[in-house]
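A.B. asks: What follows is a predicted protein model with its sequence.
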Number of protein chains: 2
Amino acid sequence: MATVAHFDKLLRPKRVAVIGVSLTNPFHPANIIFNKSFYGSGSMAYPVNPRGGELEKQPVFRSVKELPEQADLAVIAVKAPLVPGVIRECGEVGIQAAIIISGGFAEVGGEGIALQEELVKECRRYNICMIGPNCIGVYHPPYIDSFFLPPERTVIPKRGAISVISQSGAFLVDQILTRFYEEDLGVRTAVSIGNRAVLDEVDMLEHFAQDTGTRAICLYLEGAGTRPRELYELCSEVSSRKPIIAFVGGKSVEGQRAALSHTAALAANSRLISSALAQCGVIEAADELELASLAKIFDFYHHRPLLEGNIAVVSSSGGHGVVAADLCEGTGLNLVPFTEGEQGTLRELCTDSISSIASLKNPLDLTGSASDLDFERTLDYVLSLPKVEGAIVLALPYTPMITSFIGTRLGHVVRRHDKPVAAYIPSLAKYEMVLEGFELNGIPVVHTIQESVQMMQALYRLGLAVQRSGRKRKNHAVRNNQAAK
Amino acid sequence: MATVAHFDKLLRPKRVAVIGVSLTNPFHPANIIFNKSFYGSGSMAYPVNPRGGELEKQPVFRSVKELPEQADLAVIAVKAPLVPGVIRECGEVGIQAAIIISGGFAEVGGEGIALQEELVKECRRYNICMIGPNCIGVYHPPYIDSFFLPPERTVIPKRGAISVISQSGAFLVDQILTRFYEEDLGVRTAVSIGNRAVLDEVDMLEHFAQDTGTRAICLYLEGAGTRPRELYELCSEVSSRKPIIAFVGGKSVEGQRAALSHTAALAANSRLISSALAQCGVIEAADELELASLAKIFDFYHHRPLLEGNIAVVSSSGGHGVVAADLCEGTGLNLVPFTEGEQGTLRELCTDSISSIASLKNPLDLTGSASDLDFERTLDYVLSLPKVEGAIVLALPYTPMITSFIGTRLGHVVRRHDKPVAAYIPSLAKYEMVLEGFELNGIPVVHTIQESVQMMQALYRLGLAVQRSGRKRKNHAVRNNQAAK
């Protein structure tokens, strides 16, 4: 049902009607959305309220029928029982895209379910492509931002190539706006699908799969979704071209019950979701923090080097190396052993201050006396070994011989070998200059050892997914050939 | 061997000899330690180097024998082969406490092992209580800070009641100095035990168990320790009085190998460590972040309310509630169901703007339209129910009706009921005022939903430990009585 033209009106509207603005409460969701659109976006916004009047010195229109020009998109935040009528009016004037912020539908049960059915009927009748209800809608700068949060209370991540589909609005704000901002990750489009009464995660995924501006897709789902079979088939097809990262809520019994009250999500077979997603090549995040780290590694390494899992860990702390080694266990990552000869070469490459105390097995412990040069030479050597596919650098900017040049120097090494490297740096603001040295030179940085391991594991997991999809396509071709004979 | 007087000299020295200062390299560990002691501590510091000369306009002494007064503590950072001789000199002048920073002992194998044996022999001969070698030593402000990191590269957490024993120096810096600073948690004493050739984790734990200024103890171990049986017995005895939190590295095969190169830690039965620790009432952290969250909950709730696990989750986001419910599964925490009647009462307590849209099952979803008052009234009611022992508050400061007063208001509620509450607030700097409203009013705050669940689980786990230890003591008494008959 949803066409390219529909998505264009939804994500790149030129004229937006914001229906339900309050004449008295400046914090009403519709008012915040109107202000954001009117003052902050590249689109024209029209406020609508049946009582008319004035808002921020602009005339308030009594209905979408009174607007001076036709709106591309209606953003609706009126009380639930009024929504079907408002949608009907939108349909009558030819508006084909809508975002319904209002709650009080299927998620509250009872009459809410009937109300949602009525709403869906109206949308279908007028061929309206609708996001919601019970959501915060769409964030696609500079065209539309229906997240009804006062802008001074949130942050704006930079524009980038990661698109996000989320069943929870607040989870989206915390994980995408906030965490992406903190991690300096770029967002292309973020959509809160809420009760997904018309457009659901499958429609949105289909759109982002075709969207050339989207490099990786993040998905927050509660339960298996409304159309699990279509979702899995689509993921299988897309994930070998564009990484899909998922975080799934409502997998426990308690969580399922909560998900039902939240977005009326069904819980059937939710235990099987993880294995189904993995089968389709989707990289599932085990916890909140992993979501952003996975997005970051795929943003940095979108040419996607496929790892078989053989990595090196270069650290200036033995303890950090031990923790990283523990974390690699069971992930598919393998700390490649170095021969006596290789260890000897590494020792010769070390500067005098560490050559007698460094441990040059894998993980390398260059000790707290290591300098930039020690990191540079040892990383260069281990990446030059054909058996090493990538590396984790655990760099501690508080050891005395590390300078703010280290990121630039290691960035040159990484470019020379074209193998992926992820770095851990503790999270203090004062290390920002060191961190930027890494990231501006192509090495993604995280603030826990665990995330650095998860990043390398993600490249390994994606490698598996691409391999599997290659095999599937081959088998499919063989079957087709046999059938043709 | 280590007496109260020994620990007094080690942790509260009045005169410190820093042996091994360089006359040319201001970044030498000994120089950094000397500068920190001389300018930054309440102790007197004397620089020592066999060549004599001047450092920072102070005379450099050729040996501890030349000092104008006897040192309480020697901090030694000379090359490994010179260390036994230096210790002998310390012993000859009656110095009874030493920190050996130098690496190049058991952790490098071969001659290093013999060197460490020689060193231990000298320490025993002169009854010297020694930390190290291969460590960053002791941080016990304002007396001693032998962490040889330029102060401008690290942070100073506030002084507090948590003491730390770590086998890794850098892990200690990242997890304790940095994370505690970021989480506004107070440190009493932090000790990096390195190769633990004389004083080990058992000695230090014994000390902190008796130390009235220590409220909770954090432990970073690699492998099972040198004296696992003594460690477990001591933990059993201490953990019911003072929470002990542990993070164990070197539990995987790769991690064991790395731990051996790091601090010569033995790996025997390391798989069993977790169950042994749990048996002794030690709360083991599953990941890096959990360590600080556990320390924080025990710091806030040191009167230690014992939970049977029945909690409520109060949230302004359905998605956050779903994730919290998932995380509770398998932790011993139970989201207490609310009856229809209780849900009705809760609905009456809600303000008009949310009463028709809030979901008042457990987890409560007050929605993004919730105000401070909604949080205050619903939390007050759920904590008033005898079946609810504590709560998690998932508060999102970006929703329009939340003000910076929310922490103060909820703090009053918590004090009224005297039940533990942990809060989640996203980590942006601009939410600092909201966060402080919580923490200054007695509610600890974390930045992931997972940590908020881990915090409540920690109180449940400690409850189990105390119960078990009570049973043990009772059984012990019964056995003793029977034996006496």
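C.D. replies: Noted; the coordinates are in hand.
A.B. asks: Tell me who's in contact with the residue in the stretch 101-250 of chain A positioned nearest to chain B.
C.D. replies: Closest contact between the stretch 101-250 of chain A and chain B, by CB to the nearest CB, is at A:S168 (2.2 Å). Bear in mind the C-beta positions are built from the backbone N, C-alpha and C, glycine included. Going by CB atoms under 8 Å, 6 or more residues apart in numbering or on different chains, A:S168 touches A:192, A:220, A:222, A:249, A:262-263, B:317-320, B:322.
A.B. asks: Which single one of these is nearest to A:Q457?
C.D. replies: Using CB to CB, A:Y220 comes nearest to A:Q457 of the contacts of A:S168, at 20.2 Å.
A.B. asks: Number of residues surrounding the closest residue to the closest one other than its chain neighbours?
C.D. replies: Sequence neighbours aside, A:S166 is the residue nearest to A:Y220 in space, at 4.0 Å (criterion: CB to CB, 6 or more residues apart in numbering or on different chains). Neighbour count of A:S166, defined by other CB atoms under 10 Å in any protein chain shown: 27.
A.B. asks: Pull up the gap between A:S166 and A:Y126, please.
C.D. replies: Counting by CB to CB, to the nearest Å, the gap from A:S166 to A:Y126 is 26 Å.
A.B. asks: did I read that right, A:Q70 in a strand?
C.D. replies: No - applying DSSP: H, G, I helix; E, B strand; the rest coil, one finds A:Q70 to be coil, outside a strand.
A.B. asks: just checking, it touches A:R15?
C.D. replies: Yes - A:Q70 lies in contact with A:R15 (CB atoms under 8 Å); the separation is 7.1 Å.
A.B. asks: Could you pull up the residues touching the residue nearest to A:P444 when sequence neighbours are not counted?
C.D. replies: In space, and not counting its chain neighbours, A:P444 is closest to A:F300: 4.3 Å by CB to CB, 6+ apart. Neighbouring residues of A:F300 by CB under 8 Å, 6+ apart: A:420, A:442-444.
A.B. asks: same deal with A:L333?
C.D. replies: A:L333 touches A:309, A:311, A:453, A:456-457, A:460, counting by CB under 8 Å, 6+ apart.
A.B. asks: how about a cut-off of 6 Å?
C.D. replies: A:309, A:311, A:456-457 (CB atoms under 6 Å, 6 or more residues apart in numbering or on different chains).
A.B. asks: can I get those residues in JSON lines with distance to chain B, secondary structure and pLDDT?
C.D. replies: What follows is the contacts of A:L333, written out as JSON lines (distance: CB to the nearest CB, whole Å; DSSP: H, G, I helix; E, B strand; the rest coil; pLDDT from 0 to 100):
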{"residue": "A:G309", "distance to chain B": "12", "secondary structure": "coil", "pLDDT": "94"}
{"residue": "A:I311", "distance to chain B": "11", "secondary structure": "strand", "pLDDT": "98"}
{"residue": "A:M456", "distance to chain B": "14", "secondary structure": "helix", "pLDDT": "96"}
{"residue": "A:Q457", "distance to chain B": "14", "secondary structure": "helix", "pLDDT": "95"}
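A.B. asks: now for these, which pair is the farthest apart?
C.D. replies: Maximum distance among the contacts of A:L333 (CB to CB): 9.5 Å, for A:I311 and A:Q457.
A.B. asks: Identify, from the contacts of A:F300, the entry nearest to A:T214.
C.D. replies: Relative to A:T214, the closest of these is A:P444; by CB to CB it sits at 18.7 Å.
A.B. asks: Let me see the contact set for the closest one.
C.D. replies: A:296-297, A:300, A:422.
A.B. asks: A:P26: how many residues sit nearby?
C.D. replies: As a burial measure, A:P26 scores 14 neighbours (other CB under 10 Å).
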